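Colleague: pasting the sequence and the predicted model now:
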Amino acid sequence: MKFLTNFSVQAQVAIISGIVGLFVTLINLLVTVIMAKRNEKVSREISEKNIETLEKRRFIDAISMQRIEWINKLRDKFVEFISICTDLGMLTDSDISQRVKITDSEYKEKVTRLAAIKADIEFLLNPTEFFSIKLNQYILKIIDTLDKRDQSVFNTYMSNMQIIIFIGQVILKSEWKRIKVETEKGREIDEVEMAKIFNNVAEKIDAKKYKSIKKGKEWIEFEKLIEQ
């Protein structure tokens, strides 16, 4: 900086101050540009994350709406099945059957309707899930009992109906729980998570009835899931 010697001390100070000021200004400008770029990147990442989160939320909301519609259909089928079973079940009680009059054709029509509802329920449920398999087994027992129109099996009929009602409650309550959990997590839950929900709900509703259906190879497979 030899050129500064040609200036007075005051001028030299002014020039140096100007150079320092210009340097500071350039540094500030550089920092501002860097921070702007960084903020732009962060904003873009946040925006992309928000979009991704929003898309996941829309997906889960859509799935939840479908599940709610499905649960309502299944519930209606359960109600219709139990209603018809109640009408026909009374005929397996010798005292009631003497007071209730129904023709053979009417009886067979109702039994046929039960078989149709059974098919509807099967289409709505997952055929590989433990409670779906058990429900189907007990529905078959009920239809078989009613089809024979045997008044000696009233107690067995009532026992099987109680199990069907229990399983229906477990399935419906578990599916509602699935919707709640998926909404909270923002994703679909897997097979193991759902098995644990089924298990917990069944234990809370009626541990005794639950214990009575813990049998067969389907139980062995289900137990493996809830123990993971």
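Modeller: Received, thanks.
Colleague: which strand or helix spans the nearest residue to R75 once chain neighbours are set aside?
Modeller: Using C-beta to C-beta, 6 or more residues apart in numbering and skipping the chain neighbours, the partner closest in space to R75 is L172 (5.9 Å). Bear in mind the C-beta positions are built from the backbone N, C-alpha and C, glycine included. Element membership for L172, per DSSP states H and E: helix 154-185.
Colleague: now the helix or strand following that helix: buried residues?
Modeller: Under the assignment DSSP H and E, the closest C-terminal helix or strand after helix 154-185 is helix 191-212. Counting neighbours by 16 or more other C-beta atoms under 10 Å, one finds that the buried residues in helix 191-212 are 194-199, 201-202, 206, 209-210.
Colleague: got those as CSV, with pLDDT and distance to K77 columns?
Modeller: Listed next are the buried residues of helix 191-212 as CSV, based on pLDDT from 0 to 100; distance: C-beta to C-beta, whole Å:
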residue, pLDDT, distance to K77
M194, 95, 21
A195, 95, 23
K196, 96, 26
I197, 96, 21
F198, 96, 19
N199, 96, 24
V201, 96, 19
A202, 97, 20
D206, 95, 21
K209, 95, 21
Y210, 96, 22
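Colleague: contacting residues around the residue nearest to R75?
Modeller: Applying C-beta atoms under 8 Å, 6 or more residues apart in numbering, we find L172 in contact with 71, 74-75, 78.
Colleague: lowest-scoring secondary structure element of this structure by mean pLDDT?
Modeller: Of all helical and strand segments in the chain, the minimum by mean pLDDT, DSSP states H and E falls on helix 94-97, at a mean of 53.
Colleague: and after that helix, which helix or strand comes next?
Modeller: As assigned by DSSP H and E, the chain's next helix or strand after helix 94-97 is helix 104-124.
Colleague: could you give me the buried positions within that following helix?
Modeller: When burial is assessed from 16+ other C-beta under 10 Å, helix 104-124 yields the following buried residues: 107, 110-111, 114, 117-118, 121.
Colleague: need the residues you listed in a markdown table with pLDDT, can you?
Modeller: A markdown table is the format used below for the buried residues of helix 104-124 (pLDDT from 0 to 100):
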| residue | pLDDT |
| --- | --- |
| Y107 | 79 |
| K110 | 83 |
| V111 | 82 |
| L114 | 87 |
| I117 | 92 |
| K118 | 90 |
| I121 | 93 |
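Colleague: can you put those in TSV and add distance to W176?
Modeller: Written out in TSV, the entries for these read as follows (distance: C-beta to C-beta, whole Å):
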residue	distance to W176
Y107	36
K110	30
V111	31
L114	26
I117	22
K118	23
I121	17
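Colleague: model confidence score at the residue nearest the centre of the chain, please.
Modeller: The geometric centre of the chain, computed from its C-alpha atoms, lies nearest to R178 (C-alpha atoms, centre = their mean), at 2.6 Å. The per-residue pLDDT reported for R178 equals 91.
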